[in-house]
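> Have a look at this prediction, sequence included:
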Protein chains: 2
Amino acid sequence: MSKTTRPLPGEATDKRGPDGYLGYLLRQAANGYRHRVDTSLRETGLTQPQFAALTMLDAYPEHSSADLARIALLTPQTMSTILRNLENAALIRRHPHQEHGRKRRIELTDAGRQVLVRAKRLVYALETDLAEGFSEEEQRTIRRWLVAAGRRSCEGGATKS
Amino acid sequence: MSKTTRPLPGEATDKRGPDGYLGYLLRQAANGYRHRVDTSLRETGLTQPQFAALTMLDAYPEHSSADLARIALLTPQTMSTILRNLENAALIRRHPHQEHGRKRRIELTDAGRQVLVRAKRLVYALETDLAEGFSEEEQRTIRRWLVAAGRRSCEGGATKS
DNA sequence: ATCTTATTGTCAGAGTGCTGACATTAATAT
DNA sequence: ATATTAATGTCAGCACTCTGACAATAAGAT
């Protein structure tokens, strides 16, 4: 697979190091981290987005699909896809919510709760790796930058008040 | 996405702010930035990965699809998909490379070069936004962290077999 | 009662990214 | 000459993510 031990084409290295574009580095970091999470979660059968959705549902079982989409900064369609896959895997259950005709109540199944416990251990271990080698103050800077980098997408217009 | 000004479900806010998990923040930051790039590039018809591939090809026309995959830390299949889309859009051309029976030489078309010039202006403007509000030293910390976060995926064993 | 709007959900289509499986070519070993 | 290995490329299938379009419910305005 990629991740080879074969030497990379040398002359192209300049743009990838610590002097490269922030956007480029951000994309690669996220790619690499997601790959690591997916690999680590392989034994549970979960993906990173599925893990995130399960975690949110476990903490806030009141929330609808649309709520979760807003929280995770995803479109409703995307969250719908993730929930559908979780439902097919029998990790969540959705039963129609009387009172509110269209809303649907989402619940973790027993299997879902069990998988989530195992997955949390695996992912939180990686979280520790991510901070390794950086001081408390540096981590604050990094968090601040990540929040700014993600949030800027929502401003800049068309937020129809 | 999130075209709403509707208040987010309040109790869930804690995990998303500057105190959230680094992995979670990283994913959201990359999502948000990709979204911004795609929006900014909409008029050119390019996506972020297509832009990255074109940029690499323009700088290093000797490289094959497999080379580009290694550089971008993607699988050969993924890079193949991106190049196929670029070829369908007539932004690159691939003609069989005599000498090496299976390798194929990749070239930007005139249209590809023109689009790339416009796209570079748009993307580099965003790059400036990304650094705004952070000192030189803080940016060095951030770059160092991003490189570390991305690179850790390649080491850690199990690279073959 | 009807029209409008907001909210919630879905379907369809495209692009990106992965794994797994396979074919072709080149280089090397037996 | 044949077998093995490495490198390049492709196809199939799945998951995630977007946009665009649409249906159904809820709430308010006329």
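Received, thanks.

> So what pairs up with residue A:96 in the strands?
In this entry, residue A:96 is beta-bridged to residue A:104, by DSSP bridges.

> Quick check: it vs residue A:90, distance?
For residue A:96, the distance to residue A:90 (CB to CB, to the nearest Å) stands at 18 Å. Using the backbone N, CA and C atoms, a C-beta is placed for each residue, glycine as well.

> With adjacent residues omitted, what lies nearest to the residue nearest the centre of chain A?
If you average the C-alpha coordinates of chain A and look for the closest C-alpha using CA atoms, centre = their mean, you land on residue A:49, 4.6 Å from that point. When the adjacent residues along the chain are set aside, residue A:49 lies closest to residue A:82, with 5.1 Å between them (CB to CB, 6 or more residues apart in numbering or on different chains).

> who touches whichever helix or strand that neighbour is part of?
Element membership of residue A:82, judged by DSSP states H and E, is helix A:76-88. Applying CB atoms under 8 Å, 6 or more residues apart in numbering or on different chains, the set of residues contacting helix A:76-88 from outside is A:49-50, A:53-54, A:65-66, A:68-69, A:72, A:92-94, A:106, A:112.

> hey, which helix is longest across chain A?
Counting residues, the longest helix in chain A under DSSP state H turns out to be helix A:110-131.

> Identify each buried residue in stretch A:39-46, please.
A:40, A:41, A:44, A:46 (16 or more other CB atoms under 10 Å in any protein chain shown).

> Report the buried residues of the longest helix of chain A.
Using 16+ other CB under 10 Å as the burial criterion, the residues of helix A:110-131 that qualify are A:112, A:115, A:116, A:119, A:122, A:123, A:126, A:129, A:130, A:131.

> Remind me which helix or strand the nearest residue to the third one once chain neighbours are set aside belongs to.
For residue A:116, the nearest residue in space outside its immediate sequence neighbours is residue A:54; the separation is 4.9 Å by CB to CB, 6+ apart. With secondary structure defined by DSSP H and E, residue A:54 is part of helix A:48-59.

> elements contacting the next helix or strand after that helix?
Using DSSP H and E, the helix or strand that follows helix A:48-59 towards the C-terminus is helix A:65-72. Packing contacts for helix A:65-72, counted by 3 or more CB pairs under 8 Å, 6 or more residues apart in numbering or on different chains; DSSP states H and E, involve helix A:48-59, helix A:76-88.

> In CSV: these, plus distance to DNA strand D and mean pLDDT.
CSV is the format used below for those (distance: least, CB to the nearest atom of the strand, whole Å; pLDDT from 0 to 100):
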stretch, distance to DNA strand D, mean pLDDT
helix A:48-59, 4, 93
helix A:76-88, 3, 95
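
> correct me, but residue A:94 touches residue A:105?
Yes. In this structure, residue A:94 sits in contact with residue A:105. The criterion is CB atoms under 8 Å, and the distance is 6.8 Å.

> Need the three-state assignment for residue A:107.
Reduced to three states with DSSP: H, G, I helix; E, B strand; the rest coil, the structure at residue A:107 is strand.

> Let me see the contact set for it.
Listed by CB under 8 Å, 6+ apart, the contact set of residue A:107 reads A:57, A:61, A:92, A:93, A:94, A:95.

> Nearest to residue A:25 among the buried residues of stretch A:39-46?
For residue A:25, the closest of those turns out to be residue A:40, at 22.1 Å, with distances computed as CB to CB.

> Can you tell me, leaving aside adjacent residues, what's nearest to the closest one?
Among residues not flanking residue A:40 along the chain, residue A:122 sits closest, at 4.8 Å (CB to CB, 6+ apart).

> Relative to residue B:126, how far out is that neighbour?
On the measure of CB to CB, residue A:122 and residue B:126 end up 34 Å apart.

> Residue A:83 now?
Between residue A:83 and residue B:126 the distance, using CB to CB, works out to 32 Å.

> sorry, back to before: weed out the non-buried ones from the contacts of residue A:107.
If you count burial by 16+ other CB under 10 Å, the buried members of these come out as A:57, A:92.
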